[in-house]
Structure formats: structure tokens, C-alpha cells
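Engineer: got a structure for you, letters missing:
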């Protein structure tokens, strides 16, 4: 029986020299399922009369683009992720860690290694080797190099070392197979916009760190078990943009908490997932 072909769509946040953190997010699943998710997201965009959802444009909680972003999150989690039909894997790393861990790598090489780690993890979670991959068109990555290396990577990490079983092991531990790899403009692909949103939320939660935890993780309703958004400290020190993004993080956290997706804010003071097999996976690159 032929194996199904899965698809992955990606985007990045924080790739400039002055950014303290970099996040990469990948939305993945079967082609037919992702087509359904794409249609839902595209309908939200059309209904609200906007061009696209971009995290950088989320600056006011009552704005149309923020409300569409909220609808993106609700649809992705409630309609797909909780049924394990779609994964959204997001990896974040600090610039300081990259400089210390990979001093001889340039920025593109470091980003390529993040992509390799995230794509390999995603493929193994789906337990499926055949893929098509669609990153954002603005990415400066050498996709040919990454894909060539991935196509030499086997599905299972620990192959059987018994020489008598080597042929069987090779058959049962196939290599990754990437067919089409094509960069797409985000304005024409809602799934890349969804990846941009999750990458932006992850990076923002790392950048804000203590303040993010203080603002979104202070109170919890015992009956509803939902995190409350509340104002701590001097409210004059908070910008509308930051407040808006804090609220969006709360929306995401509450959905994940409701469905027991293992997403945390308080433990590491940023978005982080305790179990990496969760369909909503926020991963700290430097901590494994």
C-alpha cells in the first residue's frame, strides 16, 4: 500500500541581526486535512476583508487583523490539533545561545540547523516519510542543502545493530523522502500565515519573559481553570501592542489548557510544551 504524502508549511520570526530570539514554526498534516484548514482560514480572511494575517501587524486587540488571528488559533486548535489531524511545531532559540554553541556558523547555517531539527522531529511524530514542503518565499535558507541532508535521515533514531538483521532494519527504517519543495508567498497561503502567527507569539513570549509571565499568568479561576489576563505593575508602562499580544497568548494558552495539550507559560516564563508529541509544540532549542 502506498504511503500518504504529507505537507508542511513554515515561516520564521526574529531573523534580523538585532533580534534577541529567533523562532521557526511549521504547520503539518495530510494534504486533504490541510486543505480543509486552509479553506477555513481563507474564509476568515475573506469575511473580514483583510489581505493576510501577519504577527507584526497585531497591535490592537479590537482590530480586525487581531480578531482574525484569534480565529486562526481557535480553528487550528479546536477543529484540527485536538484530534491530532494537524501539528504546529515551533522552535525558539536565543541569539546568545547560538553565538556560544555555534561560533563558526553564520546566521543562515544556524537557521538551517534549527529547521533540520524541527523538520526531523515533525516527521518522526507523524511516522510518515513522504513529504512536500512549502516555506515562506522570503526565507534565505539553502533548502537544497537541508532537504538533501534530510533525505539521508532515517525515520527511527535507534536502528537495530544486529548484523544478521541489517537488511530487515533498512527496510523497516526508511529514509525521509521530500518530493516538492517550493517557496510560496504568505499572502497567497493562509497556512504560512498561521506559521508566522505561532512563530511570532513564541518569540514575543521569550522576549517579554518575566513581564509576559507577570501579565498573563497571575490569576487562575478555580472553577473555569482558565488563566486570567490582568494588569500588574504600572499600567502606564505597557504599550497597546504588548497588551494586545499578551491577551492573544492567554487565548492560546487557555485553549491548550482546556484540551490538555501540555502547553505552559509559568514554568519557563514563555510558551513551552511539556510533551513534545503534543500537536501544539513549543520547543526550546537549547534545552532539547
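Structural biologist: Done, it's in. Keep in mind that what you see is a predicted model, and the values were worked out from it rather than measured.
Engineer: quick check: which element contains residue 147?
Structural biologist: Secondary structure assigned from DSSP states H and E places residue 147 in helix 143-150.
Engineer: what's the answer for residue 196, then?
Structural biologist: Using DSSP H and E, residue 196 maps to helix 190-208.
Engineer: what packs against whatever helix or strand comes next after that helix?
Structural biologist: Where DSSP H and E defines the elements, the next helix or strand beyond helix 190-208 is helix 210-216. Contacts defined by 3 or more CB pairs under 8 Å, 6 or more residues apart in numbering; DSSP states H and E place helix 210-216 against helix 190-208, helix 240-258. To be clear about C-beta, it is placed using only N, CA and C from the backbone, and glycine gets the same treatment.
Engineer: gap between helix 210-216 and the chain center?
Structural biologist: Relative to its chain's centre, helix 210-216 lies at 21 Å (CA atoms, centre = their mean, to the nearest Å).
Engineer: could you identify which of the helices and strands packed on helix 210-216 is most buried?
Structural biologist: helix 190-208 (a mean of 26; mean count of other CB atoms under 10 Å).
Engineer: could I get the helices and strands packed on helix 210-216 as CSV with distance to residue 156?
Structural biologist: Listed next are the helices and strands packed on helix 210-216 as CSV, based on distance: least, CB to CB, whole Å:
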stretch, distance to residue 156
helix 190-208, 27
helix 240-258, 28
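Engineer: least confident of those, on average?
Structural biologist: Mean pLDDT is lowest for helix 240-258 among those, at a mean of 92.
Engineer: quick check: residue 40 touching residue 74?
Structural biologist: No - Residue 40 lies out of contact with residue 74 (CB atoms under 8 Å); the separation is 10.0 Å.
Engineer: ok, which of the helices and strands packed on helix 210-216 comes nearest residue 112?
Structural biologist: With CB to CB as the measure, helix 190-208 is the member of the helices and strands packed on helix 210-216 nearest residue 112 (16.0 Å).
Engineer: how far out from the middle of the chain is the closest one?
Structural biologist: Chain-centre distance of helix 190-208: 7 Å, with CA atoms, centre = their mean.
Engineer: do the same with stretch 31-51
Structural biologist: Distance, centroid of stretch 31-51 to centroid of chain: 18 Å (CA atoms, centre = their mean).
Engineer: just the buried residues of that stretch, please?
Structural biologist: Within stretch 31-51, the residues that qualify as buried are 33, 34, 36, 37, 38, 40, 41, 44, 45, 50, counting by 16 or more other CB atoms under 10 Å.
Engineer: check those residues and tell me the two furthest apart.
Structural biologist: 33 and 50 (24.5 Å).
Engineer: where does the stretch 151-288 of the chain dip in pLDDT?
Structural biologist: By pLDDT under 70, the low-scoring segments of the stretch 151-288 of the chain are 158-171, 215-237, 287-288.
Engineer: what about 80?
Structural biologist: 157-172, 210-238, 286-288 (pLDDT under 80).
Engineer: tell me what the helix holding residue 196 is packed against?
Structural biologist: strand 6-13, strand 21-30, helix 31-48, helix 64-79, strand 86-94, strand 130-135, helix 210-216, helix 240-258.
Engineer: give me the residues contacting the third one.
Structural biologist: Looking back up the chat, that one is helix 31-48. Helix 31-48 is contacted from outside by 4-7, 9, 27-29, 51-53, 64-65, 67-68, 71-72, 75-76, 79-80, 85-86, 132, 189-191, 193-194, using CB atoms under 8 Å, 6 or more residues apart in numbering.
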